[in-house]
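Next comes the sequence, and after it the predicted model I'd like to discuss.
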There are 2 protein chains.
Amino acid sequence: MEKSIEKKKRPAKNRKRNHHQGETAGTHMTASVPRAYLSDTPADVQARLKEHRFDHPHTICVTDPEDRLVGVIALADLIALPAETPLNDAVQGIPSVRVDEDQEKLASLALHHRLSVVPVVDHGGHFLGVVPPLALMNILRHEHVEDLHRLAGIKRENHQAREAMESAPLRRARDRLPWLLIGLAGSALATQVVAQFEAQLQDRIAIAFFIPGLVYIADAIGTQTEAIAVRGLSLSHANLRTLLGGEMRTGVLIGLTLAVVTLPIVWLIFADLYLGLAVAVALFSAGCVATTIGLFLPWLLGELGTDPAYGSGPLATILQDVMSLLIYFAAVNFFLF
Amino acid sequence: MEKSIEKKKRPAKNRKRNHHQGETAGTHMTASVPRAYLSDTPADVQARLKEHRFDHPHTICVTDPEDRLVGVIALADLIALPAETPLNDAVQGIPSVRVDEDQEKLASLALHHRLSVVPVVDHGGHFLGVVPPLALMNILRHEHVEDLHRLAGIKRENHQAREAMESAPLRRARDRLPWLLIGLAGSALATQVVAQFEAQLQDRIAIAFFIPGLVYIADAIGTQTEAIAVRGLSLSHANLRTLLGGEMRTGVLIGLTLAVVTLPIVWLIFADLYLGLAVAVALFSAGCVATTIGLFLPWLLGELGTDPAYGSGPLATILQDVMSLLIYFAAVNFFLF
């Protein structure tokens, strides 16, 4: 009757990820729940509830004689049962998770199956306890703050955003500088790219005018993709090829729109069709490149055993900037020189 | 006994915001819960539970004769009571929310008070129903996805990130283009700023080399601040002056670090102390400006009655870019010309 949720892939990597995050079903579980055997009667269970106080008394967990979870009975349903019926008839099947399941997967499972309580079993399927609703709610809030911080490149994973907001400036700067310093190294690369095209810039200074706008747009498109990817890769079980295909087509449409809007404006204002074409090609490419990197990088980090969200933001952004600049200058070379 | 959570400020604006979001405590409430009067006995309530099935049977809501909420009794505690005691002794006080309370506030309240069920009352304090744990979990997930989308400038608020990831590319492009087109208009402003300094660029082309890095760093610092602000302004009740002060001090520390790291490198490579100083001043200012705008803008949007997160990302980013460029060129003028 019990549907056990199996880990579908990469148990070793999942364990590594759990180790990294430190938080599993076991961390949030309480063992203090009423238990019953199939052969017990509602009267037996009610007697147990009067004798003993449980942390989470509203879900009676029913096991077989080997302590394997068979299912659950809500306390309210138990009360409505005639005192001497066997529990057998009233037991409801319920998905369970292994004790080392990642907390984020646990929360997604609960939402997907509409469970406010999730039973936890060991590797042999023996019942250990349940993760109660408040723990599930705390996990959801924690993942929320964590995703925002990771998307933005903030190191410490505060359980409370309040904490991040009110803690001492020095600690806050320390949490935020690591990714910014990596970004600064990436910026040196971007500086290098522009420096390579010194001759072209010297020749036609207007080329420089479009650099900040291009970097901004590549960043903005990339951040959109990363925001979707960070959540999507953990919630969705679609494979990467499908996801990448859809996101790249979206990028083509976005890039095309931005290019079509920009081309006539630049052409008109700078009286230079070819400059307009170079900027339009760069914007179109930024749409394609930023979406691809924004989805591929979190996926790659996930495959390497890191949490998908980890560092995806700041790392992807600088890659997107450098790629967009290279394409811009290639287009400049092609159209203007 | 009941601690009613009062709206502390701006009820009119909160209502506007609710209207904007559409989701309140009332949306998520179920009225199908067991009720009892203080004069009832545990036996009375148990009889009612056997007669009738409730959506959320595990919290018995106790009211006075005018239907005002007095408190709650957990079903498990009720069972443990002697059958003929008055409920009076066992009732627990619990915070409640008004029926038009914003769903995000509701979820924060539940986490803060460690409640897995939140009672809902009307404006006269009469008991209406409860928001059950699953609804609270769905709100938390919804707010999570919504914050990510708003931070990134994605229009549609999908309840499932999965949906955003697997929906048709055309629709996805439509959801993402509005903020990108506003960003494109902002980019035109950035182009204009650089164009104003054509003569300086012509004279010393190396000035252009640092534009992409500066824009990237301003974006990165700003995104960090916005990620913290988006969550913090709804979770934290500290006033803006305190928050702004802390965030600005953090910005000074971040800007100072980036400037100190960059100055000797630029000086060494370009053999030009003054160019190094201009870049360092720009980076330092980017730290100050990006944190200030990143916190002030979501707060301002909140004061104007919009959700703090709404549009904070893309709008703040382009402002930060333009400000950082202006400061960079001002520093260039000061040190190099």
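Okay, I see it.

care to break chain A down by domain?
A:11-131, A:168-336 (automatic domain parsing).

Quick one: residues contacting A:G26.
A:V99, A:D100, A:V120, A:L128 (CB atoms under 8 Å, 6 or more residues apart in numbering or on different chains). Glycine gets a C-beta too; all of them are placed from N, C-alpha and C.

quick one: which of the residues you listed is most hemmed in?
Ranked by neighbour count (other CB atoms under 10 Å in any protein chain shown), those have A:V120 at the top, with 25 neighbours.

List phi and psi for that one.
phi -120, psi 130 (degrees, to the nearest 10).

In which helix or strand does the nearest residue to A:I182 once chain neighbours are set aside reside?
Distance criterion CB to CB, 6 or more residues apart in numbering or on different chains; nearest residue to A:I182, sequence neighbours excluded, is A:P314 at 6.5 Å. Take DSSP states H and E as the rule and A:P314 turns out to sit in helix A:312-336.

pLDDT averaged over that helix - what is it?
On average, the pLDDT along helix A:312-336 is 90.

packing partners for that helix?
Packing partners of helix A:312-336 (3 or more CB pairs under 8 Å, 6 or more residues apart in numbering or on different chains; DSSP states H and E): helix A:133-152, helix A:169-196, helix A:198-203, helix A:211-235, helix A:273-303, helix B:211-235.

Isn't A:I207 up against A:V332?
Yes. A:I207 lies in contact with A:V332 (CB atoms under 8 Å); the separation is 5.5 Å.

which residues are common contacts for the two?
A:F197, A:Q200, A:A278.

I'd like the distance between the second one and B:L78.
As defined by CB to CB, to the nearest Å, A:Q200 lies at a distance of 80 Å from B:L78.

Comparing these two, which residue is more hemmed in?
Remark: of A:Q200 and B:L78, B:L78 carries more neighbours, 21 against 17, as counted by other CB under 10 Å.

which non-adjacent residue is nearest the more buried one?
Using CB to CB, 6+ apart, the closest residue to B:L78 is B:P42 (5.2 Å).

Near that neighbour, how many other residues are there?
22.

ok, now A:G287?
27.

Contact partners for it?
A:I221, A:G251, A:V252, A:L253, A:I254, A:G255, A:L256, A:L258, A:A259.

which one of the residues you listed sits closest to chain B?
For those, the minimum distance to chain B (CB to the nearest CB) is 3.9 Å, reached by A:L253.

who touches whatever residue of the stretch 201-337 of chain A ends up closest to chain B in this structure?
When distances are taken as CB to the nearest CB, the stretch 201-337 of chain A reaches nearest to chain B at A:G213, 3.0 Å away. With contact set as CB under 8 Å, 6+ apart, A:G213 has these partners: B:L184, B:S187, B:A188, B:A190, B:T191.

follow-up on the earlier one: now, which of the contacts of A:G287 lie close to chain B?
A:I221, A:V252, A:L253, A:I254, A:L258 (CB under 8 Å from any CB of the partner chain).

one step back: so which of the contacts of A:G287 are in helices?
A:I221, A:G251, A:V252, A:L253, A:I254, A:G255, A:L256, A:L258, A:A259 (DSSP state H).

Ignoring the adjacent residues along the chain, who's closest to A:V252?
Here the residue nearest A:V252, using CB to CB, 6+ apart, is A:C288, at 6.0 Å.

quick one: pLDDT of that neighbour?
A:C288 is given a pLDDT of 94.

now swap in A:K155 and tell me
So A:K155 comes in at 75 (pLDDT).

distance of it from A:L181?
Applying CB to CB, the value for A:K155 to A:L181 is 11 Å.

pLDDT of the helix or strand hosting A:Q46, averaged?
Under the criterion DSSP H and E, the helix or strand holding A:Q46 is helix A:42-51. Averaged across helix A:42-51, the pLDDT comes to 90.

any residues touching that helix, and which ones?
By CB under 8 Å, 6+ apart, the residues outside helix A:42-51 that reach it are A:34, A:36, A:57, A:60, A:75, A:78-79, A:81-85, A:87, B:76, B:79-80.

Now do the SS call for A:D100.
coil (DSSP: H, G, I helix; E, B strand; the rest coil).

Tell me how many other residues surround the closest residue to it other than its chain neighbours.
Distances taken as CB to CB, 6+ apart place A:T24 nearest to A:D100, at 5.0 Å, with adjacent residues excluded. If you count neighbours by other CB under 10 Å, A:T24 ends up with 22.
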